[in-house]
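In: give the three-dimensional model of this entry:
(chains A, B, C and D)
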There are 4 protein chains.
Amino acid sequence: MANETRYRVGILGATGMVGQWFIRLLENHPQFQVTALAASDRSQGKTYGEACAWRLPGERPSFVESLVIQAPSPPLDCELVFSTLPSGVARESESAFAAAGYPVISNSAAFRMDSDVPLLIPEVNPEHLALLDVQGNGRKANRGFVVTNPNCSTIVLTLALAPLHTQFGVEAVVATTMQAVSGAGYPGVASLDITDNVLPFIENEEEKIERETQKILGHYRDQKVSAAAMLVSAQCHRVNVSDGHTVAVRVKLGRGAEIHEVRQAFETFTGMPQQLRLHSAPERPIIVRDEPDRPQPRLDRDAGGGMSVTVGRIAPDRVLDFRFVALGHNTIRGAAGAAILNAELLVATGRLPMTSKNPYPR
Amino acid sequence: MANETRYRVGILGATGMVGQWFIRLLENHPQFQVTALAASDRSQGKTYGEACAWRLPGERPSFVESLVIQAPSPPLDCELVFSTLPSGVARESESAFAAAGYPVISNSAAFRMDSDVPLLIPEVNPEHLALLDVQGNGRKANRGFVVTNPNCSTIVLTLALAPLHTQFGVEAVVATTMQAVSGAGYPGVASLDITDNVLPFIENEEEKIERETQKILGHYRDQKVSAAAMLVSAQCHRVNVSDGHTVAVRVKLGRGAEIHEVRQAFETFTGMPQQLRLHSAPERPIIVRDEPDRPQPRLDRDAGGGMSVTVGRIAPDRVLDFRFVALGHNTIRGAAGAAILNAELLVATGRLPMTSKNPYPR
Amino acid sequence: MANETRYRVGILGATGMVGQWFIRLLENHPQFQVTALAASDRSQGKTYGEACAWRLPGERPSFVESLVIQAPSPPLDCELVFSTLPSGVARESESAFAAAGYPVISNSAAFRMDSDVPLLIPEVNPEHLALLDVQGNGRKANRGFVVTNPNCSTIVLTLALAPLHTQFGVEAVVATTMQAVSGAGYPGVASLDITDNVLPFIENEEEKIERETQKILGHYRDQKVSAAAMLVSAQCHRVNVSDGHTVAVRVKLGRGAEIHEVRQAFETFTGMPQQLRLHSAPERPIIVRDEPDRPQPRLDRDAGGGMSVTVGRIAPDRVLDFRFVALGHNTIRGAAGAAILNAELLVATGRLPMTSKNPYPR
Amino acid sequence: MANETRYRVGILGATGMVGQWFIRLLENHPQFQVTALAASDRSQGKTYGEACAWRLPGERPSFVESLVIQAPSPPLDCELVFSTLPSGVARESESAFAAAGYPVISNSAAFRMDSDVPLLIPEVNPEHLALLDVQGNGRKANRGFVVTNPNCSTIVLTLALAPLHTQFGVEAVVATTMQAVSGAGYPGVASLDITDNVLPFIENEEEKIERETQKILGHYRDQKVSAAAMLVSAQCHRVNVSDGHTVAVRVKLGRGAEIHEVRQAFETFTGMPQQLRLHSAPERPIIVRDEPDRPQPRLDRDAGGGMSVTVGRIAPDRVLDFRFVALGHNTIRGAAGAAILNAELLVATGRLPMTSKNPYPR
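Out: As a prediction, this is how the structure comes out:
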């Protein structure tokens, strides 16, 4: 039976925008089967069909229609949980699930900067998963743990920085984002605020990018991650785009590089997800476009099923060394798809032992 | 008679977007009266009312309705010309007018970088007008000359840099623009290209910003302008905004500064247009906003009648020294209003002698 | 003293979108002076400056900055109140003010269909004000009363229908609206719902248009208003426009009419506000545009200071008799401006006796 | 060999928006293989890869990259042509191809209203194909002919009307459209015209809908089509949507109907494409949605691969009998997909005999 070979998974925060993407992306997933939905809002106790207007194009997958939405606290009828809870409740809820023995694959910000929690982009820092071996005390009481993915704009930026950092060393990054409204969830940004407008402020976003980038590109040794020494400057803006974060980037490199080397570093970049042929891994994590007017959110956000970052406009910079524009789908590669790819890496590296006999961890 | 005390002016490029703004802004101007319209397109020979759909909110000023559109070559029935011709024809047409003795107040790119042509922002570099004393040969045969204003995004950026450069010295600038579609004129940007999208490319724009900024902030001595030594990096994007260019800026300063000094430099900035109380001069060239989510195009572009630049989000930067966001109305302060303010400065400084007896220069 | 000759007014619902428009439009009003602000939300007890982000272009009028927001219940330090409370609280609050002796000029839906409450468009049905002579019991205990203005889309439609109804009789109306997001208040419509989209649903809007139109165009006699017998069909849509409701209209007329008569009926339409030269009255309530592509929200919404309705595309219809497109500014003519014009008519017709001695009605 | 069993097809107008959709939709088509590209513009003589910026999301199909764009006149290396030429050149070019023996499957307006040319929606009026038996003289000299599909908004409307007309008779239709900018092609609508705006005018569109609907729903007998007697009124608007035409519809029916019968007529509607299981036929030509806020362009345009029309908001109407909102993808079901479905029906009904031996018709 196909079902028996798949992990039974719960989604915490199932009614929100990213929650809906989890459901969409897991609909026919070969390794995961959604068996439980939870939300922190007043939809608890209703079926998903009753509680929740489906906001993605296409029909709501029928398998969730009659699932009853539960509170985001254990136990849930599943073997692991994907979490995309709002920050207010994520820390407590995710702690509880980890303590109860559930692997928690989290898209929330709550634990990202904890020193024993991997902040993971599978192509970039899979070795950080070793933090799970020491992940602490309260949380892993019973084989539960927490793995996080970065903020949506950080992922786009850091995926693009990774090959440069590996090959040339990145000493400084100046990143200016133009972010899609879906990054704020639903209802999120009011139409009156963004029609014919740009918002130069996204709460905590600049700080997240600056800190998370250093952690992800940091070095794992002796059971901890040392943040990368690079300087990171981020200015963040909301623009009138539904999906797809655009980031204008300048970098200062540790050693001299020719522009064709920079281009090649992007184009040849690959990682464990590609080697292991993970289900959600795009063929190319980074797609280079040479047309002068690319990348564009509307044309490039769905590249690689929304899992590739597109890089264009690579050029020498007059203040730092090089500049380019990177773009990625913020709710796929930047959120739900990121977490799913993390989970696939956990499976492939043996960190998610199948427990098919148990209705849920005890 | 009121009319007799006003300069009779022609508009070259009268049917385009910026041409319409010239007409709107000059409608009740105390010093200038529009007496001639010219365009490079097929509208020649028609009345303005016939030839040209009015694209600005509100009624077309009635005084232009029956003016017949002429070719953009002298003579025209006027004493000076405002030009906003497309680059293809601007150089030849503006040369011809200057050679024929007309002062040419140009918004076009053609002559901006010529070494004897002032690239003028009245609050920033009025002393560059001294270039007119040496402005060359062919052009000024007969008291004609050319004065230019910068590119629309350059003006917003440079107005904001000026007080910092004066007080602290600016050594490097990293500017990332999010520019309005009106900057591309009409029809300009196709709706299909910008709806739900960002375009990371505006032809020649990055180069213009990088070069023009250095010239404007350069030093005038011995009949020439030495470009400022600062490094300038620009990345330009088109966003789905009708009017108002937003620029995310980082600066490296020549001497240490406290953030409150930076803020104060912006806020107290003033120049000749304010001292001379020029008609189009905003009370404050730079308006500082302390709310975390300002400036915004929709809320701030019309500040100071569209002639003020609004600066917000002033903060220390992790790579350069400080960062901030600047915003200005690209078709007013960045184009038609810029040229008109230039003309007002020429009047106020005695560089436009009244020639009311002549139907046009000979 | 100027102040002493102006009515002191309160605004109920002062923090919302329409509340901000009230403040803007009353800033320099010759007859009204804002002396009290109230809101139903958690902003009570704070100053307006603290409580409320200003969402209209331009600076917040300074006179409201330090006014403390109060609960929407009497007494308030004013002689009359403008109300734009959310429907949930409007009925109780407005009743209380009327019972306490305050004239209530309401933009809320609560009392619009009450048989003794005028649903007023000053150009259309000023005679309905006679309902105040019989307005009932509880409410007018102490010279207080309630006057309402219609729903924002109803006003645009009905102003356009009025001259046709007067001259030809309107037997049936088929109206299809394309409404701006500002009609839903703030935060109102989520950006994700309206970017690259049309929403074919606005709660209760179709019913409001159908009922309110019949009441407004109804006949006053013997102390009551008989609804007009016309059939009204409304289909309502939200489109990606900030301000300005567009209505595509077909009408069946009671008697034959030539198209030039229809056009002339629109163009020559005028009413009491024009005759009495009320402060907020536009010179022409209806502006006819003959260009094939007008009216357009961006170009026409501000006509007459936002108080004119623009009509275009008048043509014979193949199913009903004639068709046309009408457009008006939903938050000015359709809300705050409508209420203020109502108040101006009350003053001009002697229904608002000045009570300058009293801090508030007793 | 797979290729040998497919028709070799040319695309006239290959560089435009609809041309690109033809290429996308034919990329892996089981019956058609693109072997020739033609365009009326200056791209002739270049390869498609050189001549044409790809404007659809995703990569340009590689098979067209090196095809050289030719003039839109016979001969072309293909057995039939799909045409989406601009109206100026369509009539002459399509005539020439038909005269030269090519079946012409046209999306252009040129021949739609010719009395011997089928104006075809395969689910609605497949019997009109019989017009080909008498299609005239000049054109079919050599087995060539012309089959057309309707205007993009007409298709959406008429597909929705068809089941009502069959079951109840439609006596009058009042349709108000809110159309996507892609309907105007590329560059089409200027961003400045549609941002924060509605345009109440699309040239000739209202006339097209009124005439084409009557022809499509007309009766074929004795070698001609009699236009349906129904009255049709159309008001057309452009809204800020990329793809997906929304139509607000009222209908007067020939016989009384209950609302549940109307709903059922929509839901059970099916036609020859479904019976014949044509490759591009959606499972359901009409999808009924009962949520109060559907259909919406962003959520519903891609239903059935862009080939289904979604109907919602079915309700009794106060002036006519019933009302509803219909929505369809204008560039798929309304253009390229419509023509391809027409061609599939021609194949399935034996009207496109395979001529695999000939490089092209002679």
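In: for chain C, what are the nearby residues on the stretch 151-300 of chain A?
Out: A:181-182, A:186-196, A:240-242 (C-beta under 8 Å from any C-beta of the partner chain). Where C-beta positions appear, they are placed from N, C-alpha and C, glycine not excepted.
In: closest one of those residues to chain B?
Out: Distance ranking of those against chain B, using C-beta to the nearest C-beta, places residue A:240 first at 4.3 Å.
In: surely that closest one is in a helix?
Out: No. Applying DSSP: H, G, I helix; E, B strand; the rest coil, one finds residue A:240 to be coil, outside a helix.
In: list the contacts of it.
Out: A:181, A:194, A:195, A:196, A:197, A:198, B:196, B:239, B:240, B:241, C:191, C:195 (C-beta atoms under 8 Å, 6 or more residues apart in numbering or on different chains).
In: now, these that are in helices?
Out: Of the positions in these, A:194, C:191 sit in helices, assigned by DSSP state H.
In: ok, so of the contacts of residue A:240, who is nearest chain D?
Out: Nearest to chain D out of the contacts of residue A:240 is residue A:196 (C-beta to the nearest C-beta; 4.8 Å).
In: for the closest one, give me its contacts.
Out: Each residue near residue A:196 by C-beta under 8 Å, 6+ apart is listed here: A:240, B:240, B:241, B:242, B:297, B:298, C:242, D:195, D:196.
In: could the contacts of residue A:240 go into JSON lines alongside pLDDT?
Out: Below are the contacts of residue A:240 laid out as JSON lines (pLDDT from 0 to 100):
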{"residue": "A:181", "pLDDT": "98"}
{"residue": "A:194", "pLDDT": "97"}
{"residue": "A:195", "pLDDT": "96"}
{"residue": "A:196", "pLDDT": "97"}
{"residue": "A:197", "pLDDT": "98"}
{"residue": "A:198", "pLDDT": "98"}
{"residue": "B:196", "pLDDT": "97"}
{"residue": "B:239", "pLDDT": "98"}
{"residue": "B:240", "pLDDT": "97"}
{"residue": "B:241", "pLDDT": "97"}
{"residue": "C:191", "pLDDT": "97"}
{"residue": "C:195", "pLDDT": "96"}
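In: closest one of the contacts of residue A:196 to residue B:118?
Out: Nearest to residue B:118 among the contacts of residue A:196 is residue B:297, at 29.0 Å by C-beta to C-beta.
In: doesn't residue B:183 make contact with the closest one?
Out: No. Shown here, residue B:297 and residue B:183 do not form a contact pair, counting by C-beta atoms under 8 Å, at 11.7 Å.
In: spit out the residues that contact those two alike.
Out: residue B:245.
In: re the thing from before, tell me which two in the residues of the stretch 151-300 of chain A next to chain C are the farthest apart.
Out: Applying C-beta to C-beta across those, the maximum distance is between A:186 and A:196, 21.3 Å.
In: what count of nearby residues applies to residue A:203?
Out: 11 (other C-beta atoms under 10 Å in any protein chain shown).
In: equivalent analysis for residue A:221, please.
Out: Counted with other C-beta under 10 Å, residue A:221 comes out at 10.
In: measure it to residue A:147 for me?
Out: 19 Å (C-beta to C-beta, to the nearest Å).
In: what do you get for residue A:315?
Out: 36 Å.
In: next, residue A:91: phi, psi?
Out: Backbone torsions of residue A:91, given as degrees, to the nearest 10, read phi -60, psi -50.
In: can you check the one 5 residues further on too?
Out: When read as degrees, to the nearest 10, the backbone of residue A:96 gives phi -60, psi -40.
In: got a pLDDT number for it?
Out: As predicted, residue A:96 sits at a pLDDT of 96.
In: do a quick rundown of the strands in the stretch 1-150 of chain A.
Out: A:7-12, A:32-38, A:69-70, A:80-83, A:103-106, A:145-148 (DSSP state E, counting those that start in this stretch).
In: can I get the longest one in PDB, CA atoms only?
Out: Which is strand A:32-38. This file holds the C-alpha atoms of strand A:32-38, laid out as PDB (Å, rounded to 0.1, in the frame of the first residue of the first chain):
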ATOM      1  CA  PHE A  32       4.500  12.500   3.000                       C
ATOM      2  CA  GLN A  33       0.800  12.200   3.600                       C
ATOM      3  CA  VAL A  34      -1.100  14.900   5.300                       C
ATOM      4  CA  THR A  35      -3.100  13.300   8.100                       C
ATOM      5  CA  ALA A  36      -3.600  16.200  10.600                       C
ATOM      6  CA  LEU A  37      -4.200  19.900  10.400                       C
ATOM      7  CA  ALA A  38      -3.900  22.400  13.200                       C
END
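In: which other helices and strands does it contact?
Out: Identification of packing neighbours for strand A:32-38 by 3 or more C-beta pairs under 8 Å, 6 or more residues apart in numbering or on different chains; DSSP states H and E yields strand A:7-12, helix A:17-26, strand A:69-70.
In: how about the ones you listed, which one is nearest chain D?
Out: helix A:17-26 (11.9 Å).
In: longest helix of chain A?
Out: Chain A, longest helix under DSSP H: helix A:152-168.
In: right, and the helix or strand after that helix?
Out: strand A:170-179 (DSSP states H and E).
In: any idea how far the residue lying farthest from the centre of chain A lies from residue B:234?
Out: The C-alpha centroid of chain A is most remote from residue A:318, which lies 32.2 Å away (C-alpha atoms, centre = their mean). For residue A:318, the distance to residue B:234 equals 8 Å [C-beta to C-beta].
In: could you pull up the contacting residues of residue A:246?
Out: A:177, A:178, A:179, A:239, A:295, A:297, A:325, A:326, A:327, B:198, B:200, B:237.
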